[in-house]
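In: Quick one, structure for this:
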Amino acid sequence: MRDEPAPHILWTSPQVHVESDCACSDSDIASILSSVPSDGQAESDCACPTAYPIPGEGFSVPSLSLWHLPSPLYRAPLSEAHELVFNPIGPASVVVLNEPARRILDTFAVPRPLSKTTDARLALLRLIQPLSCNPEPETFKLETLIAWLHVTSQCNLRCAYCYAPRSGETMDEETGHAAIEAVFRAALCHGFRAVKLKYAGGEPTLRFPTVQELHHYAQRLSARYGLELRAVLLSNGTLLTDGVLEWLHSEGVRLMLSLDGIGAVHDAQRHFADGRGSSAVVARAVDRALKHGLTPYLSITVTPRSADGLADAVAFALERDLPFNLNLVRPPGVGQVGNLSYGDDRIIAGVKAAFAVIEGRLPRRRLIDALVDRAAFGGPHEYPCGAGRNYLVIDPQGRVARCQMTMNRPVTDIWAADPLQAVREWRDGFQNVAVDEKESCRDCIWRYWCAGGCPLLTYRTTGRSDMPSPYCAVYKALYPDVLRLEGLRLLKWQPPPV
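Out: Presented below is the predicted three-dimensional model:
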């Protein structure tokens, strides 16, 4: 007769402000602090919310309290022997329980005190809560000021959904230095401990010497003021020379490339000014970057036009073990641009086909935070992005906007004493409101994960900032599959002992 297996729990624990992720198992309580590092921190074309850590050694569990199952608690079968559990306001996103652990969790349907080690683990992961309180999502302090530096508005591509102005302006050295100074000045004024710069355009490699000069100047200010500096180059991938790639690697600047599909799918959305496709050039740039020791992060924009080819783009990324995210198109106008519309059914079908590819080739790296648009499963969050909070967008002339999609409506400029405060106080147009202030979101189980979606897109579509995203139906259709993929990934790479 075989012995009953021990209770076993698997979960993910994203790290805060660290370019890493991990998948942990619970041999004992101290193992919550263990991690498997990788380079998989999510990049995006927005200012995304920060991940939450699972509490460490300093977290105490009041064992004398009565504990019970929180409501709501999402639960779904994962395999014959495992269940997936997800607390919408908990810090661990996906938790996988084997059958003995599931039975222990079920005992908390009737409130009782903690009595064993597994009970404490369930409490630590917020799968049970004290009867005497009703926990709210944990708030966190914004510690990184994110700034887009548009060094040029020139670009050699003509992408179907591009929202960047094409004025031909370029940033000169004096303006660039003033922009860097403004970012660090704002960071110091508001108590941030880190600055993240996104060198962008247009196409920033058209003015790569400017990028180099600005980064070196930022490094000097970082050392002078004791603020951590992180940086990423956002590129279309068509002008990446060996010299550019070598410099990015040596300076520790991350590289984010746009790749919407393979072949004609990508070329239909992202082509050169003369109509030639750019897919083959970008694919070669990816492989050359890898040879230079860079791991490019792929930004995949999903539109109804490209949805049918999304699976091929994801397969391309998985074959090379590349991090990537899936961004639902945000047209610059109201509702659509050209024949690009929200197309719920087609987008859902395309993303689900991509998920099938992922399930057949589950990677070691954590993907859950990048699979559905603005959702960040690193922890519950009230705001979908940092617009109006810890986010500056600076154009080539030094004008400052709240979002890269509103550069035509600057709020202030880099010569203001505190440009971030001016952005925070701006009340004209869209507002980045907390999800609990959004109509129809308050009772949704997913609200602290999408946080209502892109606030600008919602405003442009509905004329209001307190409405759900036009992609709400897409999110709801895909989130259960996202959780399932992460659970399967944990089972593959962190299997419980036999």
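In: Every contact and neighbour count from this point should use C-alpha atoms.
Out: OK.
In: hey, where'd the helices end up in the stretch 51-200 of the chain?
Out: 99-106, 117-124, 173-189 (DSSP state H, counting those that start in this stretch).
In: The protein - how does it break down into domains?
Out: When the chain is parsed with automatic domain parsing, its domains come out as 9-37+53-138, 144-427+473-479.
In: Tell me which of these lies nearest to L491.
Out: Nearest to L491 among these is domain 9-37+53-138 (7.8 Å), distances taken as Cα to Cα.
In: Can you list the low-confidence ranges for the stretch 251-400 of the chain?
Out: By pLDDT under 70, the weakly predicted segments of the stretch 251-400 of the chain are 332-343, 374.
In: Tell me where it has helices.
Out: Using DSSP H, counting those that start in this stretch, the helices of the stretch 251-400 of the chain run over residues 264-269, 279-291, 310-319, 344-360.
In: any idea which of the ones you listed is most buried?
Out: Burial of those is given as mean neighbour count (mean count of other Cα atoms under 10 Å); helix 264-269 ranks first at a mean of 21.
In: for it, packing partners?
Out: Contacts defined by 3 or more Cα pairs under 8 Å, 6 or more residues apart in numbering; DSSP states H and E place helix 264-269 against helix 279-291.
In: Enumerate every residue touching the nearest residue to C450 once chain neighbours are set aside.
Out: Spatial nearest neighbour of C450, chain neighbours left out: A375 (4.4 Å); criterion: Cα to Cα, 6 or more residues apart in numbering. By Cα atoms under 8 Å, 6 or more residues apart in numbering, the contact list for A375 reads 369, 384, 449-451, 453.
In: One more: S306?
Out: Going by Cα under 8 Å, 6+ apart, S306 touches 260-261, 265-266, 269.
In: Save those as a markdown table, and put in distance to R75 too.
Out: Shown next, in a markdown table, are those (distance: Cα to Cα, whole Å):
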| residue | distance to R75 |
| --- | --- |
| D260 | 33 |
| G261 | 34 |
| V265 | 37 |
| H266 | 37 |
| Q269 | 39 |
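In: can you tell me which two in those residues are farthest apart?
Out: Maximum pairwise distance among these (Cα to Cα): 9.2 Å, between G261 and Q269.
In: so where's the stretch 101-250 of the chain shaky on pLDDT?
Out: Confidence mapping of the stretch 101-250 of the chain against pLDDT under 70 gives the ranges 138-140.
In: can you give me the strands for it?
Out: Here the stretch 101-250 of the chain has its strands, by DSSP state E, counting those that start in this stretch, at 129-130, 144-150, 194-200, 228-235.
In: just those strands: most buried one?
Out: Compared across those, strand 144-150 shows the largest average neighbour count, a mean of 26 (mean count of other Cα under 10 Å).
In: Run through who's touching that strand.
Out: 47, 171, 179, 183, 187, 192-202, 204, 390-396, 404.
In: and if you look at stretch 394-406?
Out: Contact partners of stretch 394-406, identified using Cα under 8 Å, 6+ apart, comprise 147-153, 163-164, 169-172, 175-176, 178-179, 332, 387-388, 391-393, 407, 409-414, 419, 423.
In: Fine by me, we can end here.
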